[in-house]
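Q: Predicted coordinates and the sequence they were generated for:
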Amino acid sequence: MVPTRSTRGHTSYISGLVAENARDHWDFNSTQPLPWQAPGASHVPAAPKIRDVPTREFGKCKDRDLLDYLARRRVTRGFLAEIDQFLRANPDIATYSPPFIERLNSLPPLDAYLFFVKGYTRPARYIEGLISSAPFVLPPGFQYRAIQYTEDAELDDFFAGFEYRYDILERIDREVYFACIDMQAGRPVSTSLRRLVCYAVFGNPVDAYKWYEYSYQQDYLPHRYIPEHVVLADVPKPGTYTEPEPSVVKPWNTHADVRFRMARAKDEGVDVIDVLLSEFRFALVRKRLRRCEIDDLYVDARRRIDEERENPTNVDIVDMIMDGAVSQQFRAPLAPKAVPRRNNRTALDEAAEDLREQKTLLQRLYAQEETTFTRSKRPADIAAVRTSRGNTERRYVNALVRYKRINNQMRPFEAQDIQSQFTRKKMGNVGPVNKDYLLSLFPRELL
């Protein structure tokens, strides 16, 4: 499914970028053939439009089989709304690929979901706290279970009809294995690699593969900049489509990193407009904008590129697009609440922060314990995870009691009663049977 890395070693395109006599704008009217196209090749002409077909809305689905399947895989129901949002943001799918929409509508909900994610090149969205870009600590004695030896029906379906890429899975296992060693030793690990570790350890193998192949690796760029879904390949480009020629890359040019990635990608046969729009989307994600806002800005950016192609104004297209991302205001993850005095946190604030942290850690350990029971047969692995989960449950209960006592939501005898049920002696070797009970105690005002 993943072609091997090219050994051509192109340098001509990047060399051309730094030529002193290069133009400082994009030429949309160039008639030169693209370097990876055969002589006489051209873009596929636009197919005649077909009437729009109503599309199923997964977010409104209450099918028990589908919801149980998501729960087993620890995927949040919000992922269904994300699928709906993707389909709304790409109405051309219904126009140019009606068989895809018709099959999506005709299948039962669970089968329709599996049919969609088979061609989706992005990982599923997991429950809160499971996939983290922030630093976290693996429990003592943790040993990584290779995903190449883990059964996953979605991964088998993903490779159906193609070569099963064990070499890529081995590469993922190698990256994750050494990353886990670095994390346990306290050495720094990149944000993208931490997410790969989360997908491989706490998530499902198919999502670890998708994140590695389509968002992490830098060896094969045609997959690094592939669209979100393979069905988008059915949406043709206009018959008059021509790929722009890039402006010169100099140290004083703006967005030089984006220009370099575009040049490197074109050497491997990637449309530079796809690279530019992908970098634009990544820049908006780093601004922490919502998915719907990113989709709207993405559509507007593509419209401006099409207008520039139809009516050239000799504008620098990289500046035109990327400046739109720079101008967006950064959205803070959580709006801070006003406090009575500056730089003076109350005991309640500290208790709330500690409780949130313990809840996130406890959810991750519940997922890890379930994964360890499924994948590992070593008693030492199971005992280590069970011990960590038990300790975290007790810390969670103590943080919960502290918060509710400060906030006058729990009386002393209630606090004593709940703490007495979660002592080291009473819990012993009990499994994660208290999961639903403990998480249901989390205060609603902190959600």
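A: Perfect, thanks for sending it. Worth saying up front: this structure is predicted, and the values here are computed from it rather than measured.

Q: Any regions of the protein where pLDDT drops low?
A: 1-53, 238-253, 331-345, 376-381, 423-433 (pLDDT under 70).

Q: Could you chop it up by domain?
A: 58-231, 347-446 (automatic domain parsing).

Q: can you pull the contacts of residue 153?
A: If you count contacts by Cβ atoms under 8 Å, 6 or more residues apart in numbering, residue 153 has none. Just so you know, the C-beta spots here come from the backbone N, C-alpha and C atoms, and that holds for glycine as well.

Q: one step back: tell me which of the domains of the chain lies nearest to residue 269.
A: domain 58-231 (6.1 Å; Cβ to Cβ).

Q: about what we covered before: turn the domains of the chain into CSV, including distance to residue 285.
A: Shown next, in CSV, are the domains of the chain (distance: least, Cβ to Cβ, whole Å):
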stretch, distance to residue 285
domain 58-231, 11
domain 347-446, 21
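
Q: for these, which one sits closest to residue 307?
A: Once these are compared by Cβ to Cβ, domain 58-231 is nearest, at 17.5 Å.

Q: Quick one: end-to-end length of that closest one, please.
A: Its start and end residues considered, domain 58-231 measures 18 Å (Cα to Cα, to the nearest Å).

Q: for stretch 120-127, same thing?
A: Where stretch 120-127 begins and where it ends lie 19 Å apart, using Cα to Cα.

Q: just use 5 as the starting number from now, easier for me
A: New numbering, starting at 5: the last item is stretch 124-131.

Q: And that stretch, how far out from the chain middle?
A: Averaging C-alpha positions (Cα atoms, centre = their mean, to the nearest Å) puts stretch 124-131 6 Å from its chain's average.

Q: Apart from its chain neighbours, what residue comes closest to residue 62?
A: Nearest non-adjacent residue to residue 62, counting by Cβ to Cβ, 6 or more residues apart in numbering: residue 84, 3.9 Å away.

Q: Also residue 186?
A: residue 193 (5.4 Å).

Q: Wait, residue 161 touches residue 118, no?
A: Yes - Residue 161 lies in contact with residue 118 (Cβ atoms under 8 Å); the separation is 6.7 Å.

Q: Could you tell me which residues touch both of those two?
A: If you check residue 161 and residue 118 against Cβ under 8 Å, 6+ apart, no residue is contacted by both.

Q: got the contact list for the residue positioned nearest the centre of the chain?
A: When Cα atoms, centre = their mean is applied to the chain, the residue found nearest the centroid is residue 127 (5.5 Å). Applying Cβ under 8 Å, 6+ apart, we find residue 127 in contact with 135, 203, 207, 211-212, 214-215.

Q: how about these in a markdown table, adding neighbour count, distance to residue 169 and secondary structure?
A: Shown next, in a markdown table, are those (neighbours: other Cβ atoms under 10 Å; distance: Cβ to Cβ, whole Å; DSSP: H, G, I helix; E, B strand; the rest coil):
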| residue | neighbour count | distance to residue 169 | secondary structure |
| --- | --- | --- | --- |
| 135 | 22 | 22 | coil |
| 203 | 27 | 16 | helix |
| 207 | 25 | 18 | coil |
| 211 | 26 | 15 | helix |
| 212 | 29 | 13 | helix |
| 214 | 22 | 12 | helix |
| 215 | 23 | 15 | helix |
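
Q: what about the strands in the stretch 105-254 of the chain?
A: Counting by DSSP state E, counting those that start in this stretch, the stretch 105-254 of the chain has no strands at all.

Q: All the helices of it, residue numbers only.
A: 113-122, 157-163, 170-188, 195-205, 209-215, 225-228 (DSSP state H, counting those that start in this stretch).

Q: Return the distance of the shortest one from the chain's centre.
A: This means helix 225-228. 16 Å.

Q: Show me what it is in contact with.
A: 6-7, 217-219, 221-222, 268-269, 272-274.

Q: now the residue nearest to residue 186: how far from residue 136?
A: Applying Cβ to Cβ, to the nearest Å, the value for residue 193 to residue 136 is 12 Å.

Q: hang on, the earlier thing: what's the most distant pair in the contacts of residue 127?
A: 135 and 214 (12.4 Å).

Q: Find the nearest non-adjacent residue to residue 285, please.
A: In space, residue 285 is closest to residue 302, 5.8 Å off (Cβ to Cβ, 6+ apart).

Q: that older thread, please pick the buried ones from the contacts of helix 225-228.
A: By neighbour count, with 16 or more other Cβ atoms under 10 Å, these hold 6, 217-219, 221, 268-269, 272, 274 as buried.

Q: Could you check the host helix or strand of residue 325 and say which residues are buried?
A: Taking DSSP states H and E as the criterion, residue 325 maps to helix 321-330. Using 16+ other Cβ under 10 Å as the test for burial, helix 321-330 gives 321-326, 328-329.

Q: OK, contacts around the residue nearest to residue 218 when sequence neighbours are not counted?
A: Excluding the flanking residues, the one nearest residue 218 by Cβ to Cβ, 6+ apart is residue 125, at 4.6 Å. Contact partners of residue 125, counting by Cβ under 8 Å, 6+ apart, are 214, 217-218, 230-234.
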